[in-house]
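[1] Coordinates for the following, if possible.
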Amino acid sequence: MADHAVSVAVPVPLDRVYTYLPPEGQPPPELGCRVIVPFGRRTVTGVVVGAAAGETPATVELKRISRVLDTIPLFDESWLEMARWVSRMYLATLGETLAAMLPGARQPRELPPLGGDEPGAPLEALKLSAEQDEAIRQVSAEVAPGSEGWHYLYGITGSGKTEVFLQAATEVLRRERSVLYLVPEIALTHQLFEQISRRFGTIAAMLHSGLTASQRLGEWHRIRSGEARLVIGARSAVFAPLQRLGLVVIDEEHESSYKSGNTPRYHARQVGLHRAVVAGAACVMGSATPSAEAWHLMGEGRLKRLDLTRRLSGGALPDIRVLDVRGSSRLISPQLEKVLRETKDLGAQSILFLNRRGFAGAFHCRSCGYHFDCPRCSVPLTWHKQDQRMVCHYCGYQAQPVHICPQCSSLDVGYRSFGTERVEEEVARFLPELRIARLDTDSTRRKGALSTILDRFARGEIDVLLGTQMVAKGLNFPGVRTVGIVMADTGLSLPDFRAAERTFSLIVQVAGRAGRFRSDGTVLIQTLRPEHPAIRRAAAMELDGFYQDELATRRELLFPPYARLLRILVRGPHRQETRAHAERLAGLARHQAPRHGHSGEIVVLGPAPAALERIQRNWRFQIILRCTAAAPMAALPRGIVAASPPSRGIYVEVDVDPVNLL
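    Presented below is the predicted three-dimensional model:
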């Protein structure tokens with residue numbers, strides 16, 4: 001029976017595969033089938049990755065597979081090669097990678113296709129702009145076997161990017177090739193799903209975390225068989241087993257939700273580009289606020305920029321005003337209150353956006369808006385109460401906390417924190433005639449609550465929609481005249497070199513919700529830091545100027561896209577033990593770095609406490625590796641982690657190209 005042994009990858013942090021015999025009296029399972037196997041004192045679900053290599057010694061007693069879960073393989077060798085690439089790229093084991101990439105149900109139930117149960121409807125004759133026609137022509141021209149074309153659809157909000165994506169997808173499907181369409185968050189794309197279902201019918205499939213395990217597995221089999229040739233979904237949909245891939249669409253490319261927070265910590269944008277290269281497919285990304293990395297690639301010509309410069313629905317760019325609220329104790333300023341009331345009187349609707357990502361541990365002056373920044377890294381220092389120190393979470397710089405503002409000598413310094421409930425209470429107190437609804441993780445926890453709120457807003461039953469990140473994207477309602485950004489600068493307090501970029505992007509994106517179908521759109525930006533370049537340039541819609549300044553700063557400080565970062569996070573229940581292990585790893589990294597790159601090519605920063613130093617009773621310390629090239633840095637973390645295994649209770653996480661350092 002040893003001749004029929006198979007190699008199985010199991011989801012454990014051990015970088016090897018294991019050999020098992022098939023169940024008694026059964027043939028060996030095929031490549032791509034999931035199996036339940038005994039592993040130590042437990043059983044785990046693994047994946048068959050091939051026949052066992054070589055003969056098994058007679059002295060080795062192999063264990064048998066307990067059960068084969070799939071009669072039809074979930075993937076083929078080409079898909080497995082992609083899994084191996086993800087495993088190498090993001091420094092995860094093959095077993096962990098496969099566990100993250102595959103659907104989780106044991107058996108699919110008979111379910112109707114989620115993309116619609118009718119054939120696709122004939123495409124209506126739409127009047128496209130000359131810019132849209134040219135974009136469709138250029139993207140479609142790249143869809144040919146062996147071609148590689150990367151495009152970026154850069155257009156203001158409401159300029160018709162989605163229609164370009166769908167028209168290009170139609171052309172690719174006509175050529176008998178398949179389409180992968182990625183969106184950043186599935187919750188706010190039901191309008192797009194309905195549009196795709198009507199247009200493409202049963203050849204469309206959807207993959208996202210909101211589906212049941214059986215639904216995901218059922219869609220997976222439809223895709224694997226070729227029955228579904230257009231897949232739309234969030235981050236994990238990038239692994240869909242599409243055959244003859246012809247086009248990869250990455251909508252709202254700048255969104256950080258494309259980056260996984262669990263092992264393997266992959267970025268769907270990176271994986272999507274890799275799939276396009278391997279398949280000889282076109283790739284088109286799009287956003288009104290490209291990531292700094294994408295803007296840099298467009299400037300170098302490595303991404304072909306396609307511009308959409310005007311709104312197609314008749315709406316005009318809104319009137320944007322910055323409101324200086326320094327010294328105010330109210331969350332809704334009198335100016336914003338007045339405009340909200342005027343909007344109600346006009347029979348229109350408003351959106352209030354609260355950026356709750358600001359970190360309360362950053363010192364600021366309530367009088368002048370001053371923030372205590374690191375002199376080395378141009379990011380805010382973070383207050384660590386236990387150590388009575390201000391710490392930079394990039395380079396480890398420390399300073400004594402200030403109690404008097406160094407800029408204006410005010411004693412009114414400290415923290416500022418607030419949430420959507422407090423904003424809702426203030427609106428209800430000062431504007432009781434307005435019907436308000438919250439759209440955040442708390443208010444949408446109940447199943448169906450999100451769609452209910454959005455449907456009521458679409459019907460005009462809600463005057464003010466209040467929310468966090470959820471209201472910043474994906475919403476397209478004709479009745480919206482006014483957008484108020486309650487506190488635009490909270491994100492600037494995050495100890496992250498991307499803080500300015502995120503703040504700028506959020507303001508532009510939220511502002512884009514106003515006046516999409518009207519000429520009197522209004523955006524009011526409340527801030528303690530009206531002079532900050534990210535806020536000033538966002539209000540003026542000076543995108544070119546913002547990216548030029550931001551990239552100049554990144555170049556000087558050697559941050560992405562001019563360098564690659566790798567984060568090693570050490571966490572454990574005991575602070576001193578966790579810190580000591582982080583210091584051992586940092587010492588090993590500094591000692592071994594010259595072997596993996598040229599002199600000075602890899603810079604080791606830290607260890608320093610993570611911005612959120614303690615989560616769920618675990619202390620967290622981080623080491624940052626910075627390098628101008630990816631290759632020298634790839635092998636270093638594996639070597640140092642293997643050379644110094646953590647003691648019981650301490651865990652080490654490696655994140656390649658992290659999108660945040662919290």
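[2] Strands of the stretch 451-600 of the chain, start to end?
    464-467, 480-485, 522-527, 564-572 (DSSP state E, counting those that start in this stretch).
[3] Tell me which of the ones you listed lies nearest to residue 278.
    Closest to residue 278 of the strands of the stretch 451-600 of the chain, according to Cβ to Cβ: strand 564-572, at 21.5 Å. Backbone N, C-alpha and C define where each C-beta goes, glycine included.
[4] Adjacent strands (with direction) for that closest one?
    strand 618-627 (antiparallel), strand 651-656 (antiparallel) (DSSP bridges).
[5] ok so, going back, JSON lines for the strands of the stretch 451-600 of the chain, including distance to residue 513 and mean pLDDT?
    What follows is these, written out as JSON lines (distance: least, Cβ to Cβ, whole Å; pLDDT from 0 to 100):
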{"stretch": "strand 464-467", "distance to residue 513": "9", "mean pLDDT": "89"}
{"stretch": "strand 480-485", "distance to residue 513": "5", "mean pLDDT": "91"}
{"stretch": "strand 522-527", "distance to residue 513": "9", "mean pLDDT": "92"}
{"stretch": "strand 564-572", "distance to residue 513": "32", "mean pLDDT": "93"}
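[6] So for residue 624, which of those sits nearest?
    Here strand 564-572 is closest among the strands of the stretch 451-600 of the chain (Cβ to Cβ), at 5.8 Å.
[7] Run through who's touching the closest one.
    559, 578, 581-582, 585, 589, 607, 610, 615, 618-630, 633, 637, 641, 646, 649-658, 661 (Cβ atoms under 8 Å, 6 or more residues apart in numbering).
[8] again, but for stretch 326-336
    By Cβ under 8 Å, 6+ apart, stretch 326-336 touches 321, 323, 325, 340, 366-369, 418, 422-423, 426-427, 430-431, 484, 486-487, 524, 526, 528.
[9] still on that earlier bit, so which of the strands of the stretch 451-600 of the chain gets nearest residue 239?
    Here strand 564-572 is closest among those (Cβ to Cβ), at 22.7 Å.
[10] Give me the distance between the closest one and the centre of its chain.
    Remark: strand 564-572 is offset 18 Å from the chain centroid, using Cα atoms, centre = their mean, to the nearest Å.
[11] which one of the strands paired with strand 564-572 lies closest to residue 195?
    The nearest among those, by Cβ to Cβ, is strand 651-656 at 35.1 Å.
[12] How far off centre is that closest one?
    With Cα atoms, centre = their mean, you get 18 Å for strand 651-656.
[13] Would you write out the PyMOL command that picks the buried residues out of the contacts of strand 564-572?
    Applying 16 or more other Cβ atoms under 10 Å to these, the buried members can be selected in PyMOL as follows:
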select buried, resi 559+578+581+582+585+589+607+610+618+619+620+621+622+623+624+625+626+627+628+633+637+641+646+650+652+653+654+655+656+657+658+661
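[14] What subset of the contacts of stretch 326-336 is buried?
    For the contacts of stretch 326-336, buried by 16+ other Cβ under 10 Å: 323, 325, 340, 366-369, 418, 423, 426-427, 430-431, 484, 486-487, 524, 526, 528.
[15] any low-confidence regions in the stretch 251-400 of the chain?
    312-316, 356-362, 377-379, 384-386, 393-394 (pLDDT under 70).
[16] ranges for the strands of the stretch 51-200 of the chain?
    Using DSSP E, counting those that start in this stretch, strands in the stretch 51-200 of the chain cover 67-68, 149-155, 178-182.
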